[in-house]
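Asks: pasting a predicted model and its sequence here:
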Amino acid sequence: MKPLISILIATKNRQKYCLSAVESILKLPNTNIQVVVQDNSDDITLSEMLKPLMSDSRLVYRYTPPPFSSIDNFNAVIELATGEYICLIGDDDGINPEIIEATAWAKLNNIDCLVGNLKANYRWENTGERQFLHLKITGSSLILGDFNGNAKRVDAKKSLEQLVRNGCTNYMEYDFPKLYHGIVKRDIFENIKENTSAYLKGLSPDIYAAISLAFTIKNFVVIDYPLTIPGVCSVSSSVQEGEQKSNSKDIENIPHLKGRKIPYVWEESVPKIYCVQTIWADSAFAAIREFKQEKLLNNFDKYMLCANILDADSTLKSRVYDFLHVSEPSLSKQALNQKVKQAMFKGPYKKKIIRIIGRIKRVLGFEKYIIINNIKDIVDATKELNVYLKGTKINIIDKLDECL
């Protein structure tokens, strides 16, 4: 019998975190859930660590040694899944066990994709943040934001338009159908593969999947309730893959291209700089072009993309302006500066003000914000989240029914 939902984890060289994620899922007594691990680590350490759990038929594990590209690793984990619905999480993440109940509701109501919020976050050890406005986040803590459980149907096409106007970056700010921390009918990805030859393409599987789904699905629901637990750990996969060795911002050296059998063609509308924002933008373009929806790109704002890059890393200024000079040779340096400045005020600066206001609200108690310390791993974070959610008395099925 098919499991109702497969939780997918594509992992590489973060064995300790992945083990905890798997344990937290397999501790659930429900047989309707499956956890699928596709491992591309440099050695078989994770395989050894998972041996005590291998007797549980709900665990599917496969090891593929390097060279194997990151996007191939994500395609492989989808291929392994047998659940009617699938949900991709990171190897340092976890789930709210109510995700099974939410998926059963989605199946009953023929919902293609159901997405929760990201307001239950777990910080692994050594990932604290400095104090700001009397709020200090330490490592080994579960952070819970304010949510009400309200659900709504969403037209993903509007989110696509917003994304393009934002320079194809920060897609998590919009109501997108998501494989990463979202619940999606697995058959939809079979349809995508049939039409495009792969479940996922581009460099960033999460944004590529979100845009592909926006073009593909019909029934999409968003609920203001945490169905997963995003984690933050101190071991960066990008650092492990080579950024630390070269400190290079050249796209030729990026880890996403490692192990690819076919040379990758970078999007010419995106600066050839290795950073999060350009990886997102390039993958967004790849998905839009793959689905032959280039008309959307008429509203692409390259200045917003550049503003988001500079907001994240001001040391990239010369590279960003080199790109702008080439793409807009008729404009003076002063004119380009003005356009970037306008984009900064419209985008990053505005968002910073909103974040500061949010912090002030939390400090003053106008917005709920709870930090639970001394949580050693995702297993314990899952338990603490369960206790907290029971106290909210939010019935997610009632809330979901209200949006029908």
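Replies: Perfect, thanks for sending it. These figures come from a predicted structure and were not determined experimentally. Numbers count the residues shown, from 1 in each chain.

Asks: in the protein, what helix or strand scores lowest on average pLDDT?
Replies: helix 244-246 (a mean of 42; mean pLDDT, DSSP states H and E).

Asks: report the buried residues of the host helix or strand of N195.
Replies: Using DSSP states H and E, N195 sits within helix 186-196. For helix 186-196, a neighbour-count test (16 or more other C-beta atoms under 10 Å) marks 186, 188-189, 192 as buried. Heads up, the C-betas are built off the backbone N, CA and C, glycines and all.

Asks: alpha carbons of that helix, as PDB, please.
Replies: Output of helix 186-196 as PDB, limited to C-alpha atoms (Å, rounded to 0.1, in the frame of the first residue of the first chain):
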ATOM      1  CA  ARG A 186       3.500  13.300  -6.400                       C
ATOM      2  CA  ASP A 187       1.800  12.700  -9.800                       C
ATOM      3  CA  ILE A 188       2.200  16.400 -10.600                       C
ATOM      4  CA  PHE A 189       5.900  15.900 -10.700                       C
ATOM      5  CA  GLU A 190       5.500  12.900 -13.000                       C
ATOM      6  CA  ASN A 191       3.600  15.200 -15.400                       C
ATOM      7  CA  ILE A 192       6.300  17.800 -15.100                       C
ATOM      8  CA  LYS A 193       9.000  15.200 -15.900                       C
ATOM      9  CA  GLU A 194       7.000  14.000 -18.900                       C
ATOM     10  CA  ASN A 195       6.800  17.500 -20.300                       C
ATOM     11  CA  THR A 196      10.300  18.700 -19.400                       C
END
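
Asks: starting at the chain centroid, how far to that helix?
Replies: Distance of helix 186-196 from its chain centroid, counting by C-alpha atoms, centre = their mean, to the nearest Å, is 20 Å.

Asks: contacts made by that helix with the rest, please.
Replies: 6, 78, 81, 83-86, 112-113, 179, 199, 212-213, 216-217, 290-291 (C-beta atoms under 8 Å, 6 or more residues apart in numbering).

Asks: report the mean confidence score over it.
Replies: The pLDDT scores in helix 186-196 average 97.

Asks: what does the pLDDT read for R359?
Replies: The model reports R359 with a pLDDT of 80.

Asks: wasn't it part of a helix?
Replies: Yes - under DSSP: H, G, I helix; E, B strand; the rest coil, R359 falls within a helix.

Asks: so what's the residue count around it?
Replies: Neighbourhood size, R359 [other C-beta atoms under 10 Å]: 16.

Asks: now it: how far from I137?
Replies: R359 is 11 Å from I137, where distance means C-beta to C-beta, to the nearest Å.

Asks: picking up where we left off before, nearest to N117, of the buried residues of helix 186-196?
Replies: I188 (21.9 Å; C-beta to C-beta).

Asks: give the contact list for the residue nearest to P65 when sequence neighbours are not counted.
Replies: Excluding the flanking residues, the one nearest P65 by C-beta to C-beta, 6 or more residues apart in numbering is N40, at 7.5 Å. Residues near N40 by C-beta under 8 Å, 6+ apart: 10-12, 63-66, 68, 70, 73.

Asks: please apply the same query to N32.
Replies: Contacts here follow C-beta under 8 Å, 6+ apart; on that basis N32 touches 3-5, 100, 104.

Asks: what about the nearest residue to it once chain neighbours are set aside, how many residues nearby?
Replies: Using C-beta to C-beta, 6+ apart and skipping residues adjacent in sequence, the residue nearest N32 is L4, 4.0 Å away. Using other C-beta under 10 Å, L4 is surrounded by 20 other residues.

Asks: L4 reaches T103, doesn't it?
Replies: Yes - under the criterion of C-beta atoms under 8 Å, L4 makes contact with T103 at 5.5 Å.

Asks: got any residues that touch both of these two?
Replies: Listed contacts common to L4 and T103 are Y85; contacts here mean C-beta under 8 Å, 6+ apart.

Asks: need phi/psi at I137.
Replies: phi -110, psi 120 (degrees, to the nearest 10).

Asks: number of residues surrounding it?
Replies: When neighbours are counted by other C-beta under 10 Å, I137 registers 17.

Asks: same thing with I356?
Replies: Residues near I356, counting by other C-beta under 10 Å, number 12.

Asks: then L364?
Replies: 10.

Asks: pLDDT score assigned to it?
Replies: The model's pLDDT for L364 equals 82.

Asks: L316 now?
Replies: In this model, L316 is scored at 96, pLDDT.

Asks: same deal with E101?
Replies: Looking at E101, the pLDDT reads 98.

Asks: same check on N109?
Replies: Reading off the confidence values, N109 has pLDDT 98.

Asks: which residues does it contact?
Replies: So N109 contacts 219, 400, 404 (C-beta under 8 Å, 6+ apart).

Asks: hmm, the first one is touching V154, no?
Replies: Put plainly, it is N219. No - applying C-beta under 8 Å, one finds N219 not in contact with V154, separated by 9.9 Å.
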